[in-house]
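Chemist: dropping a prediction and its sequence here:
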Amino acid sequence: MGQGEGSPATPDDGVFTDGSATPNPGPGGWAAVRVVDGEVVDEASGADPDTTNNRMELTALIAAVGLVPVGVPTVLYSDSQLAVRTVNEWAPAWEARGWRRARGPVENLDLVRRLVEDLRARPELEVAWIRAHVGHRWNEYADRLASRAARTPAGE
């Protein structure tokens with residue numbers, strides 16, 4: 001259920017991801033949180049000292065794939081419309097054109113290709129968009145983890 005009056009309902013199952021860089025580009029963090037029946041069962045996070053929001057969002061989704069046991073149908077939630085549309089809509093056409101957009105190169109191609117390949121090998125996984133900063137419990141949790149990772153000096 002939602003997190004208070006007017007809050008949207010939060011799914012009780014799935015992997016919730018987030019990534020950011022502040023400033024953009026700049027130091028960034030990412031996180032992925034696997035939730036089953038409303039309980040955190042696994043999580044991962046990390047940082048990059050010089051990155052972009054988009055790279056961190058894609059990195060979080062790649063990590064999310066690794067948190068789900070093979071064969072378990074799961075939704076991977078991202079609050080990045082760009083990341084979700086990349087894998088669900090645009091990547092097939094880019095791949096058909098030799099990993100090129102109609103108007104130039106694909107940005108973050110290394111991460112896009114890896115995520116597409118990971119998802120192709122895991123047809124039980126689905127990537128879906130979830131609205132950010134509106135009270136979705138697990139999206140907010142992933143946001144806090146990613147922010148904490150970005151602020152933690154390397155090696156700690």
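Modeler: Sure thing, it's come through. All values derive from a computational prediction rather than experimental measurement.

Chemist: just checking: what are the partner strands of the helix or strand of the chain with the lowest mean pLDDT?
Modeler: Comparing every helix and strand of the chain by mean pLDDT, DSSP states H and E singles out strand 104-105 as the least confident one, with a mean of 90. Sheet neighbours of strand 104-105, with direction, are listed as strand 100-101 (antiparallel) (DSSP bridges).

Chemist: what lies in contact with the partner strand?
Modeler: The set of residues that contact strand 100-101 without belonging to it, under C-beta atoms under 8 Å, 6 or more residues apart in numbering, is Trp90, Trp94, Val106. The C-beta positions use only the backbone N, C-alpha and C, and glycine is treated the same way.

Chemist: repeat the analysis, applying 10 Å as the threshold.
Modeler: Residues from elsewhere that reach strand 100-101 (C-beta atoms under 10 Å, 6 or more residues apart in numbering): Trp90, Ala93, Trp94, Val106, Glu107, Leu109.

Chemist: filter these down to just the ones in helices.
Modeler: With helices taken from DSSP state H, the overlap with the contacts of strand 100-101 comprises Ala93, Trp94, Leu109.
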